[in-house]
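Colleague: fold the following for me, if possible:
(2 chains)
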Amino acid sequence: DVKVTQSSRYLVKRTGEKVFLECVQDMDHENMFWYRQDPGLGLRLIYFSYDVKMKEKGDIPEGYSVSREKKERFSLILESASTNQTSMYLCASRDTTGVVGYTFGSGTRLTVV
Amino acid sequence: AQSVTQLDSQVPVFEEAPVELRCNYSSSVSVYLFWYVQYPNQGLQLLLKYLSGSTLVESINGFEAEFNKSQTSFHLRKPSVHISDTAEYFCAVTGVVGGYQKVTFGTGTKLQVIP
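Modeller: Here you go, the predicted structure:
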C-alpha cells in the first residue's frame, strides 16, 4: 500500500523555536506539497516541490521554508514558530500527470504556545 | 483565476437518508475534479474523480458525483448514508495555470450522520 508518512502526529512547541516537520513518501512521486488546514479556511498551500532541490512558494509561504534533498523526503521548516502557526499540517505527494490525485499523510497537529 | 465553492459548511442528515454535498467551481481552463474525504484525526483520502468521459463517476462505498459543465458543478451524492460516512468532504479542482498544475480546494463540508 502506498504511503505518505509524517513523522509526528502531535507537536507542542514554544514561540520562537525552530520547528521541523518531516514527510516521506514511498511512491517515487516527483511532486510533493505542504498544506495547512484551519477550520473554515480549508486547505491552503504553503510550499511545493516538483523535483529534488526544487521548491516553489504556494499561497501562504510567509514564516515557512522547505527542503527537498532527496526525492522521497520533503521537510517543512518554521524558522521561528509563532502562535498563529498553530494548525494541522498536511503533506501530500502526486505523480507528474496529476490524474490520480494526491496521496496525503495523516497530518501533524502543531500547537505553538 | 481558479476557485472552488462549497457553500454548506455542515450538513446534518439522518441515517439511511439521501444526501447531496454541493460543489461549484470556476476556471478558465479545462479541469480535473476530485472529491476527498477526511475522517476524524486523519489525512484526506481520495473518494472519486472526474477526468473525462462519462460525467457520472462513482466510488466504491456508494457515493457518486456528476460533472455538469454548463453549471460548473460537481455535486456529491449518496442515496442512503451510514454512520460511518460521518466525515469532512473536500471538493478540489486541478487546472493548468501558468504552465503547471494548480490544485484548489474548497473549504470543506462536514457531514454529520444522525442515528
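
Colleague: so what's the residue count around B:T55?
Modeller: Using other CB atoms under 10 Å in any protein chain shown, B:T55 has 12 other residues around it. From N, CA and C alone the C-beta is placed, and that goes for glycine too.

Colleague: nearest spatial neighbour of it, skipping sequence neighbours?
Modeller: Excluding its sequence neighbours, the residue lying closest to B:T55 (CB to CB, 6 or more residues apart in numbering or on different chains) is B:F67, at 4.4 Å.

Colleague: tell me if I am right that A:N84 is in a helix.
Modeller: Yes: assigned with DSSP: H, G, I helix; E, B strand; the rest coil, A:N84 falls within a helix.

Colleague: what's the local residue count around it?
Modeller: 9.

Colleague: check the gap between it and A:V113 for me.
Modeller: From A:N84 across to A:V113, the span is 12 Å (CB to CB, to the nearest Å).

Colleague: returning to that earlier point: the residue nearest to B:T55: which element?
Modeller: For B:F67, the host element (DSSP states H and E) is strand B:64-68.

Colleague: mean confidence score for stretch A:87-104?
Modeller: For stretch A:87-104, mean pLDDT rounds to 89.

Colleague: first-to-last residue distance for that stretch?
Modeller: For stretch A:87-104, the first-to-last residue distance is 16 Å (CA to CA, to the nearest Å).

Colleague: likewise stretch B:10-18?
Modeller: 15 Å.

Colleague: next: stretch B:100-112.
Modeller: End-to-end for stretch B:100-112, by CA to CA: 36 Å.

Colleague: is chain A within reach of that stretch?
Modeller: Yes: Stretch B:100-112 reaches chain A (CB under 8 Å from any CB of the partner chain) through B:100-101, B:103, B:105-108.
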